[in-house]
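[1] requesting a structural model of the entry that follows:
(chains A and B)
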Amino acid sequence: MDDDGAVGATYGQVMIDRPDAAQLLEAMAATLTNQVMPSLDGGPKHSARVVANLCGILAREWNHRADVPLAALQALLARPGDDYADLVAALDRRLTDPELSDDFAAAAHPVVMAETERRLAIDKPGYLDR
Amino acid sequence: MTALDDTRSSLTELLSTSGVPVSRVEITGSATLGAQRSSLFINIYAGPNITEAVAQILAPGGREVIAPENDAAVLRLARKAGAPVAHVLAATNSAPVTGAQAIVVSRVAGESIPRKILRDAEENGTGDELAADLGAGLAKAHAVPVAELPADFERHERGAIHQAYCALMAQNVDEVGVPHPAARLGIHWLRQHLPSLPSSPTLVHGDLRNGNILVDRGRLSAMIDWELAHIGDPMEDLAWLCLRTWRFGNEDREVGGFGSLDSLRSAYEAAGGEWREDAFRWWTVARTVWWASGLNRQASAALDGLSDSIVLAASGRRVVEQDYDLLRLITP
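    Predicted coordinates for the structure are as follows:
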């Protein structure tokens, strides 16, 4: 969550100084875009644009870092567990099963879509709903 | 001798032994550097004559792609069939001096950078004509006699093309080694919805899209980068050309962000191509799976230290766009 408070943000239990990660990354992206890129051409300009874009991605990732959706995955797979990577790996294995049923694929689709929309909101929000 | 000197001598000797009149070669610049190969602009001097050409040389450590001699064979056959492609001057799987793989083609006027192509088509009002040029060009390329293609091109039975592609996609996702549920759902859909078969397998360009075409004053001047050419279902090319990712934000212009699907299809059929709508849809899904997995593979190349390209590393964060398009395409 973004924290504009005067005392800075917390990461876990640790106090960190202002600006926080997202604010720094946004400032880095703006610097690259407004001050560095105008003086570059060709390949270096493209690389700077890519880095600026990645800073934006990381800023959004920081702001969304608490939004890991476990419940839908747990329900779909009918198994507990709060390790997100484990659940995704388990889903991947289920979907690789040669005996995969159309019913399970149909049930998995909205769960994978919700997860994809969550990632898209970080990686390229402008791509949604166009 | 510098590496550049070696390259110049190598190209001079290669052209000379290929029957191209040449006294010396000058390297005048580099074209867009592809992920697989580097491309150099060269001038070929012979007496008072100067020929502008492009030399493609396999970059050190580059992934093995089509051998230049096969690439040249495909280009010559496509050109003979009337498709707009560059004229091959020389090709070798092992060049003199350097031992590099190299192909030299005459230079064709035109722009290959997608956003410049979009601007060019917009300014000239030729977006639909450009889409039609591509339809006609592809129909001609797809008419190349398959028997004349290089003997080591993989050939599948007509009825096995689509199952083979499903197996290849599963293998690709496995090899990347990262969980990829959206791609798995895509592969399941592909297996459940096998399309109609082409009358016969054809030459397939394999990567024709906005970015692998040359456009001059709004019209197609050449179809380039044939390194993924193979024998298969011609609808693969048409679907790939129309993927959302190659529209660069111009969503309503299905063909490369500049032209209409109708223009492409009409021209393809008028030039003798056989359009199969179910296969178009199938390949749209199949190629979206391929690209989702391909972007993941590019990110792996950066993460495994095979490349220090930030663009390749960033590919990992573009996988989700393909996943999103894919899931929308196969919504139950």
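[2] state the distance from the spatially most distant residue from the centre of chain A to chain B.
    For chain A, the residue at maximal distance from the C-alpha centroid (C-alpha atoms, centre = their mean) is A:E99, at 31.8 Å. Note on A:E99: its distance to chain B, by C-beta to the nearest C-beta, to the nearest Å, is 11 Å. Just so you know, the C-beta spots here come from the backbone N, C-alpha and C atoms, and that holds for glycine as well.
[3] for that residue, which three-state class applies?
    Assigned by DSSP: H, G, I helix; E, B strand; the rest coil, the conformation of A:E99 is coil.
[4] hey, where'd the helices end up in chain A?
    Counting by DSSP state H, residue ranges of the helices within chain A are A:21-31, A:42-63, A:71-77, A:84-96, A:102-123.
[5] redo those helices as CSV? Include mean pLDDT.
    Converted to CSV, the helices of chain A look like this (pLDDT from 0 to 100):
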stretch, mean pLDDT
helix A:21-31, 94
helix A:42-63, 92
helix A:71-77, 94
helix A:84-96, 95
helix A:102-123, 95
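[6] can you pull the domain assignment for the chain?
    This is for chain A. Domain assignment for chain A by automatic domain parsing gives A:9-63, A:71-127.
[7] sorry, I should have been clearer: chain B.
    Recorded structural domains for chain B (assignment: automatic domain parsing) are B:3-106, B:114-329.
[8] which one of those domains lies closest to A:R18?
    Closest of the domains of chain B to A:R18 is domain B:114-329, at 26.8 Å (criterion: C-beta to C-beta).
[9] what about the closest one and chain A, touching?
    Yes. Shown here: domain B:114-329 in contact with chain A (C-beta under 8 Å from any C-beta of the partner chain) through B:170, B:179-182, B:184-185, B:188-189, B:192, B:251, B:310-311, B:314, B:317-318, B:320-321, B:323-324, B:327.
[10] show me these that map onto helices.
    Reading helices off the residues of domain B:114-329 next to chain A with DSSP H, I get B:170, B:181-182, B:184-185, B:188-189, B:192, B:310-311, B:314, B:320-321, B:323-324, B:327.
[11] contacts for the helix or strand where B:T12 lies next, please.
    Assigned by DSSP states H and E, B:T12 belongs to helix B:3-17. If you take C-beta atoms under 8 Å, 6 or more residues apart in numbering or on different chains as the criterion, helix B:3-17 is touched by B:1, B:22, B:24-27, B:40, B:42, B:44, B:55, B:57, B:89-90, B:92, B:95-98, B:100, B:102, B:104.
[12] since we're on residue 23, how many residues are nearby?
    In the absence of a named chain, this looks at chain A. Around A:Q23 there are 17 other residues, counting by other C-beta atoms under 10 Å in any protein chain shown.
[13] my bad, the chain I had in mind was chain B
    By the other C-beta under 10 Å criterion, the neighbourhood of B:S23 contains 11 residues.
[14] got any ranges where the stretch 1-150 of chain B has weak pLDDT?
    Residues of the stretch 1-150 of chain B that meet the criterion pLDDT under 70 lie in B:1, B:32-37, B:59-64.
[15] can we see that at 80?
    B:1-3, B:31-38, B:59-65 (pLDDT under 80).
[16] the strands in it, which residues?
    B:24-30, B:37-46, B:49-58, B:88-92, B:102-106 (DSSP state E, counting those that start in this stretch).
[17] and the longest helix for chain B?
    For chain B, the helix with the greatest residue count under DSSP H is helix B:277-303.
[18] contact residues of chain A facing chain B?
    Proximity of chain A to chain B, by C-beta under 8 Å from any C-beta, involves residues A:43, A:46-47, A:50-51, A:53-54, A:57, A:85, A:88-89, A:91-92, A:95-96, A:100, A:102, A:105-106, A:108-109, A:112-113, A:115-117, A:119-120, A:123-124, A:127-128, A:130.
[19] any quick ChimeraX command for the buried ones out of these?
    Those of the residues of chain A next to chain B that count as buried under 16 or more other C-beta atoms under 10 Å in any protein chain shown are selected in ChimeraX with:
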select /A:47,50,51,53,54,57,88,91,92,95,96,100,105,108,109,112,113,115,116,117,119,120,123,124,127
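[20] stretch B:321-332: which residues count as buried?
    Those would be B:321-327, B:330, for stretch B:321-332 by 16+ other C-beta under 10 Å.
[21] ugh, wrong one, stretch B:174-182
    Quick answer for stretch B:174-182 (16+ other C-beta under 10 Å): B:176, B:178-182.
[22] pLDDT added to those, as TSV?
    Putting the buried residues of stretch B:174-182 into TSV (pLDDT from 0 to 100) gives the following:
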residue	pLDDT
B:V176	94
B:V178	94
B:P179	96
B:H180	97
B:P181	98
B:A182	98
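[23] okay, the domains of chain B, which one's buried deepest?
    Ranked by mean neighbour count under mean count of other C-beta atoms under 10 Å in any protein chain shown, the domains of chain B are led by domain B:114-329, which reaches a mean of 20.
[24] pretty sure A:L77 sits against A:D92.
    No. Using C-beta atoms under 8 Å, A:L77 makes no contact with A:D92, being 10.9 Å away.
[25] OK, contacts around the closest residue to A:L128 other than its chain neighbours?
    Leaving aside its sequence neighbours, A:L128 sits nearest to A:L120 (C-beta to C-beta, 6 or more residues apart in numbering or on different chains; 5.6 Å). Taking C-beta under 8 Å, 6+ apart, we find A:L120 in contact with A:127-128, B:320-321, B:324.
[26] and of those, the nearest to A:D17?
    Lowest distance from A:D17 to these (C-beta to C-beta) belongs to B:V320, with 31.8 Å.
[27] show me the contacts for that closest one.
    Listed by C-beta under 8 Å, 6+ apart, the contact set of B:V320 reads A:116, A:119-120, A:123-124.
[28] turn the residues you listed into JSON lines, columns for distance to B:D237.
    Formatted as JSON lines, these follow (distance: C-beta to C-beta, whole Å):
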{"residue": "A:T116", "distance to B:D237": "27"}
{"residue": "A:R119", "distance to B:D237": "30"}
{"residue": "A:L120", "distance to B:D237": "28"}
{"residue": "A:D123", "distance to B:D237": "28"}
{"residue": "A:K124", "distance to B:D237": "27"}
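[29] looking at those residues, which two lie furthest apart in space?
    Across those, the two lying at the largest distance from each other (C-beta to C-beta) are A:T116 and A:K124, at 11.3 Å.
[30] follow-up on the earlier one: quick one: closest of the domains of chain B to A:Q23.
    So among the domains of chain B, domain B:114-329 is nearest, using C-beta to C-beta, at 20.5 Å.
[31] okay, now the closest one: how far is its last residue from its first?
    Taking C-alpha to C-alpha, to the nearest Å, the first and last residues of domain B:114-329 lie 24 Å apart.
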